[in-house]
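Chemist: turn this into a model:
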Amino acid sequence: MESRASRLKAARKDAGYTSVRAACDAFGYPYPTYAAHENGSRDYDFDAAQRYARAFKVDATWLMSGRAAAPAAEAEIVDIWTRIPERDRAAALRMLRGLAKNSE
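Modeler: Numbers count the residues shown, from 1 in each chain. So this is what the prediction gives:
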């Protein structure tokens with residue numbers, strides 16, 4: 001993807017928000033501002049990129065530059081992992097290794 005606006009739009013859609021209005025309603029973003037960021041008529045700064053990245057579970061650097069992309073599914077896995085209690089992580093890791101081995 002070429003532009004910040006197109007990456008923002010892709011992040012929103014990948015996160016399951018089918019419309020600009022749905023994302024604005026979910027996160028309390030002012031519609032005119034967010035819509036302008038997504039359609040490219042107004043650029044956004046790194047602070048805004050960080051807010052959008054947290055909401056859509058992507059990497060803020062990727063939103064800004066197109067580099068260091070963290071697809072939504074990977075970001076979700078990391079988020080879930082951090083919420084697993086330490087005592088249960090070994091079992092979760094064994095399960096993931098088993099799933100990965102079965103897919104080879």
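Chemist: which residues touch the lowest-mean-pLDDT helix or strand in the chain?
Modeler: Lowest on mean pLDDT, DSSP states H and E among the helices and strands of the chain sits helix 72-83, with a mean of 77. Residues from elsewhere that reach helix 72-83, judged by C-beta atoms under 8 Å, 6 or more residues apart in numbering: 11, 14-15, 56-59, 70, 89, 92. All C-beta spots, glycine's among them, are computed from the backbone N, C-alpha and C.
Chemist: run the last query once more with 10 Å
Modeler: 10-11, 13-16, 53-54, 56-59, 62, 69-71, 89, 92-93, 96 (C-beta atoms under 10 Å, 6 or more residues apart in numbering).
Chemist: how far off centre is it?
Modeler: 10 Å (C-alpha atoms, centre = their mean, to the nearest Å).
Chemist: packing partners of the following helix or strand past that helix?
Modeler: Where DSSP states H and E defines the elements, the next helix or strand beyond helix 72-83 is helix 89-102. Contact here means 3 or more C-beta pairs under 10 Å, 6 or more residues apart in numbering; DSSP states H and E; on that basis helix 89-102 packs against helix 72-83.
Chemist: dump the helix it packs on to CSV, restricted to CA.
Modeler: The C-alpha trace of helix 72-83 is given here as CSV (Å, rounded to 0.1, in the frame of the first residue of the first chain):
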residue,chain,number,x,y,z
ALA,A,72,-4.0,-7.5,12.7
ALA,A,73,-4.0,-11.2,13.4
GLU,A,74,-0.4,-11.2,14.7
ALA,A,75,-1.1,-8.1,16.9
GLU,A,76,-4.2,-9.9,18.3
ILE,A,77,-2.1,-13.0,19.2
VAL,A,78,0.4,-10.8,21.0
ASP,A,79,-2.4,-9.1,22.9
ILE,A,80,-3.9,-12.4,23.9
TRP,A,81,-0.6,-13.8,24.9
THR,A,82,0.0,-10.8,27.3
ARG,A,83,-3.3,-11.6,29.0
